[in-house]
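**Q** mind folding the following:
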Amino acid sequence: MTKQFPFALTPFAFLAFLAFLLQGCSDGSNEGNVEAVTLSTPNSFLRFFNQYENPPDRGLNDEKYAEAYYAAVDPTGQRRTLGDFVSLHGLGGADTMNVIYRNTRDLGYGRDMYMRKYVSGQGCKILVFYVRNFLVEPVPGFDYGPLNLEAAINNDTEFHFGTNAIEVSPANYPSDCSGPTFLKFFTYDPAGDQPLRTTAYIDGRGAKAMPQVCVSCHGGTLRPLDKDARFQTVYADDTQAGDIKGQLEIFSVDTFEFSDQVGYPRQEWEARLKTMNAEILATYQPSENPIDDPGSEWDGKFAREILTGHYGGNKGSDQLPSNTFVPGFVPEGWSKDENVKALYTSVVGPHCIVCHAGRGITLDASDANPNPDSQDVDFSTWEKFESYADESAQLVFDEGRMPLSLLNFETFWEDPSKPERLASALEPLIPDFSSRYRNADGSIRQPGRPVANAGLDRCVPVNRDIHIDGRSSLFSNQYVWEVTSAPQGANPTLVGQDTQTPIFTTDTVGDYRLKLVTSQNGGISSASALTIKVVDAAEVLNAGCTVDVVFRDPADPDCVSNDASKRSINCLLIEKRCTGCHGQRGPAGKVVWFTEEQPKVDLDSVPPVVQPVKDPDAQVATIKARVNFLDIPRSPLLTKSTGQHHSGPPLLKFDETSPLDDPSRQGYNSIVNWIYQGAQ
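**A** Residues are numbered from 1 along each chain as shown. Modelled structure (predicted):
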């Protein structure tokens, strides 16, 4: 993507470029609070967390996934090129609104953006955006600066590297107008006659398949493709193909850069951007399914509060009184005290909230949910943010995955006061914060160093091959496993102890301790410990320590069958623990659903139809879709079921805080072993 700069610099562009270069100059006096470490993960930004790599040819980052998505949202092929999209929506006329700016927060591009809202001949209410992106790299490493704005203003096609489009319309538009509207995402090559791009090379960190690069910031849910490699619906009772429940993002005008050239300053665009924000506000409505169960819906309350607040509006109002976007707004849920306000204005507001406000569902009130009136992961209040303290620290300080876009991440770490303020807020909530995230001198460790993760503690049967998994380790390419303690007289073996996934076995019952140390580029991790409790045959079932394909529950005769049609995971997890909430179709369906009656999208019919089909294999697939096979401890199947962000009651025999061989942990142990042994 490196380009030579072909046009003469205007005075504005020269000064802006000079200022941009000087940002990298420092006397070092401000850099003592963070450890300078280069991130070594090449492709971790703008990616949906669970990549569904099993099977690998249907993962989210595979082109087949993008093709299936486009087939779902454009079944009649009327948006296959940018020219098609522009023609379909009549873009370019007097009612098409245009603004040009540089987005300084997440992508850094020069953006030539267009919007049109119209009513079609069939009576469909349609809202569309498309934006031509410009990227200039005058010298290596300086490709997200103000020259991108100059290129957009000059329409220098040498630096127009791609176009993104969003359509808010009914599922089968333009065939008919039935059903609710939802967002559809498209990416095109610069040339208007080229077909849709299945991947986008957005941040210099590798190509990523559609639509995950959009969903990662616009919110929503992605499911693995079905066994026919077709796109699945989100809710079990959805009737719309391709609706991933994404949301339009607020245009945070105070983070945009505008030109001083005549005709291009901010005041020229302010009224248009307010109009665009007003149209975005109008889309913040609950999704259509399930009709009478708002506990599993995104309702847009918090996103509306932020957007209206930035225009001087009151909470609960949809009015935008101010003519201009007002910076510095603090939501009601972040007004607890001055420290909380400062955290929001310096860290959460600038780096988190635009994406998070469009995510999450409203959780039902329960003892496990500390803040039932707000949406999960939308960070609408300090209490909600606080409840994610450990996850936030891990994602920011260990993994470097948040903030989720590369430019936003770099901006966060360039100002040492920001990671320190976040650390100071999280540290009282995490007992071992200092040892995990601070250097000996008290400074914050920036992500990029090797971090070993030996996986979850296990309870397993004697004389069995046990799969150990260190793939959750970070920034590592060398692995050394070691058995550090074992029962007297035991002779355990580790096959592949210098690999990510060795196999452990022993003929002696008792407790074993293993450790993993990883390294990369000369850096060495701290040791990560793993406890394995090995039990004899008499204890296996009671403690859930089996690794057999068919789990046997002595308390439930129906679960003892070896019938292959009665899959163990269905019996253990579905029939006895989850289907009371997650196994229903119709209005009570959930965003997570486990049922043999699967919605299947028939894309061969026009318009596409969704029909329920009974499919036990697909039921197992929906369970495995909640497993992150590249980072098993973070699998939603485990974390949601045991954490405080599960709106339902605690699961039977799923207490992961109990001793490894305690019967109250039986269900959790069985699920953990099932996953680590291959989830077959």
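**Q** quick one, helices of the stretch 551-680 of the chain?
**A** 568-569, 579-582, 616-624, 636-642, 666-676 (DSSP state H, counting those that start in this stretch).
**Q** scratch that, the stretch 151-300 of the chain
**A** For the stretch 151-300 of the chain, the helices defined by DSSP H, counting those that start in this stretch cover 212-218, 266-282.
**Q** redo those as JSON lines? Include distance to residue 644.
**A** Glycine gets a C-beta too; all of them are placed from N, C-alpha and C. JSON lines is the format used below for the helices of the stretch 151-300 of the chain (distance: least, C-beta to C-beta, whole Å):
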{"stretch": "helix 212-218", "distance to residue 644": "24"}
{"stretch": "helix 266-282", "distance to residue 644": "31"}
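**Q** so which of these comes closest to residue 247?
**A** Proximity to residue 247, assessed across these by C-beta to C-beta, is greatest for helix 212-218 (5.9 Å).
**Q** send the alpha carbons of that closest one over as PDB?
**A** Extracted in PDB, the C-alpha atoms of helix 212-218 (Å, rounded to 0.1, in the frame of the first residue of the first chain):
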ATOM      1  CA  GLN A 212     -16.100  -9.300  10.600                       C
ATOM      2  CA  VAL A 213     -14.100  -6.100  10.000                       C
ATOM      3  CA  CYS A 214     -17.400  -4.200  10.200                       C
ATOM      4  CA  VAL A 215     -19.000  -6.300  12.900                       C
ATOM      5  CA  SER A 216     -16.000  -5.900  15.200                       C
ATOM      6  CA  CYS A 217     -16.900  -2.200  15.600                       C
ATOM      7  CA  HIS A 218     -20.500  -1.900  14.500                       C
END
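**Q** quick check: which ranges of the stretch 51-200 of the chain have low pLDDT?
**A** Scanning the stretch 51-200 of the chain for pLDDT under 70 picks out 53-57, 138-142.
**Q** I'd say residue 401 and residue 44 touch.
**A** Yes. At 5.4 Å, residue 401 counts as touching residue 44 under the criterion of C-beta atoms under 8 Å.
**Q** what ranges do the strands span in the stretch 351-500 of the chain?
**A** Counting by DSSP state E, counting those that start in this stretch, the segments of the stretch 351-500 of the chain that form strands are 458-461, 466-467, 478-485, 493-495.
**Q** and those strands as JSON lines, adding mean neighbour count, mean pLDDT and distance to residue 227?
**A** Formatted as JSON lines, the strands of the stretch 351-500 of the chain follow (neighbours: other C-beta atoms under 10 Å; pLDDT from 0 to 100; distance: least, C-beta to C-beta, whole Å):
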{"stretch": "strand 458-461", "mean neighbour count": "24", "mean pLDDT": "94", "distance to residue 227": "30"}
{"stretch": "strand 466-467", "mean neighbour count": "18", "mean pLDDT": "96", "distance to residue 227": "25"}
{"stretch": "strand 478-485", "mean neighbour count": "17", "mean pLDDT": "97", "distance to residue 227": "34"}
{"stretch": "strand 493-495", "mean neighbour count": "14", "mean pLDDT": "96", "distance to residue 227": "33"}
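**Q** among these, which comes closest to residue 665?
**A** strand 458-461 (7.5 Å).
**Q** so which bits of stretch 248-260 are buried?
**A** 248-259 (16 or more other C-beta atoms under 10 Å).
**Q** what is the mean pLDDT for it?
**A** Mean pLDDT, computed over stretch 248-260, is 93.
**Q** just the CA coordinates of it, formatted as PDB?
**A** What follows is stretch 248-260 as a C-alpha-only set of coordinates in PDB (Å, rounded to 0.1, in the frame of the first residue of the first chain):
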ATOM      1  CA  LEU A 248     -24.700   2.400  12.800                       C
ATOM      2  CA  GLU A 249     -21.900   4.200  14.700                       C
ATOM      3  CA  ILE A 250     -22.200   7.700  16.000                       C
ATOM      4  CA  PHE A 251     -20.300  10.300  14.000                       C
ATOM      5  CA  SER A 252     -18.100  11.700  16.800                       C
ATOM      6  CA  VAL A 253     -17.400  15.000  15.000                       C
ATOM      7  CA  ASP A 254     -14.900  16.200  17.600                       C
ATOM      8  CA  THR A 255     -12.500  13.300  16.500                       C
ATOM      9  CA  PHE A 256     -12.700  14.300  12.800                       C
ATOM     10  CA  GLU A 257     -10.000  16.400  11.200                       C
ATOM     11  CA  PHE A 258     -11.200  19.000   8.600                       C
ATOM     12  CA  SER A 259      -9.300  21.100   6.100                       C
ATOM     13  CA  ASP A 260      -8.700  24.800   6.300                       C
END
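**Q** return the residues in contact with residue 403.
**A** 106, 351-352, 396, 409, 411-412 (C-beta atoms under 8 Å, 6 or more residues apart in numbering).
**Q** make it 7 Å
**A** 351-352, 409, 412 (C-beta atoms under 7 Å, 6 or more residues apart in numbering).
**Q** just those now: which is nearest residue 391?
**A** Closest to residue 391, out of all of the contacts of residue 403 and judged by C-beta to C-beta, is residue 352, at 12.6 Å.
**Q** centre of the chain versus stretch 155-168, how much separation?
**A** Mean-position distance between stretch 155-168 and its chain equals 24 Å (C-alpha atoms, centre = their mean, to the nearest Å).
**Q** now stretch 653-671
**A** That offset, for stretch 653-671, works out to 29 Å (C-alpha atoms, centre = their mean).
**Q** one more: stretch 298-308?
**A** 19 Å.
**Q** what's around the closest residue to residue 434 other than its chain neighbours, how many residues?
**A** Take residue 434 and drop its neighbours on the chain: the residue closest to it by C-beta to C-beta, 6 or more residues apart in numbering is residue 427, 6.9 Å away. Applying other C-beta atoms under 10 Å, we find 15 other residues in the vicinity of residue 427.
**Q** end-to-end on stretch 335-352?
**A** The first and final residues of stretch 335-352 sit 17 Å from each other (C-alpha to C-alpha, to the nearest Å).
**Q** start at 35, not 1
**A** OK, 35 is where the count begins now, so the last one is stretch 369-386.
**Q** quick one, what contacts the closest residue to residue 311 other than its chain neighbours?
**A** Counting by C-beta to C-beta, 6+ apart, the nearest residue to residue 311 once its immediate chain neighbours are dropped is residue 285, at 5.3 Å. For residue 285, the contacting residues are 307, 310-311, by C-beta under 7 Å, 6+ apart.
**Q** list the residues that contact the residue of the chain most remote from its centre.
**A** With distances taken as C-alpha atoms, centre = their mean, the residue sitting farthest from the centre of the chain turns out to be residue 523, at 47.3 Å. Listed by C-beta under 7 Å, 6+ apart, the contact partners of residue 523 are residue 542.
**Q** please tell me how far it sits from residue 540.
**A** 11 Å (C-beta to C-beta, to the nearest Å).
**Q** residue 567 too?
**A** In terms of C-beta to C-beta, residue 567 sits 11 Å off from residue 540.
**Q** the two: who's more crowded?
**A** Shown here are residue 567 and residue 540; by other C-beta under 10 Å, residue 540 has more neighbours (22 against 19).
**Q** wait, isn't that one in contact with residue 526?
**A** Yes. Residue 540 lies in contact with residue 526 (C-beta atoms under 7 Å); the separation is 4.0 Å.
**Q** how far away is residue 521 from residue 299?
**A** 75 Å.
**Q** what's stretch 549-559 in contact with?
**A** 74, 483-486, 488, 504, 507, 509-516, 518, 561-563.
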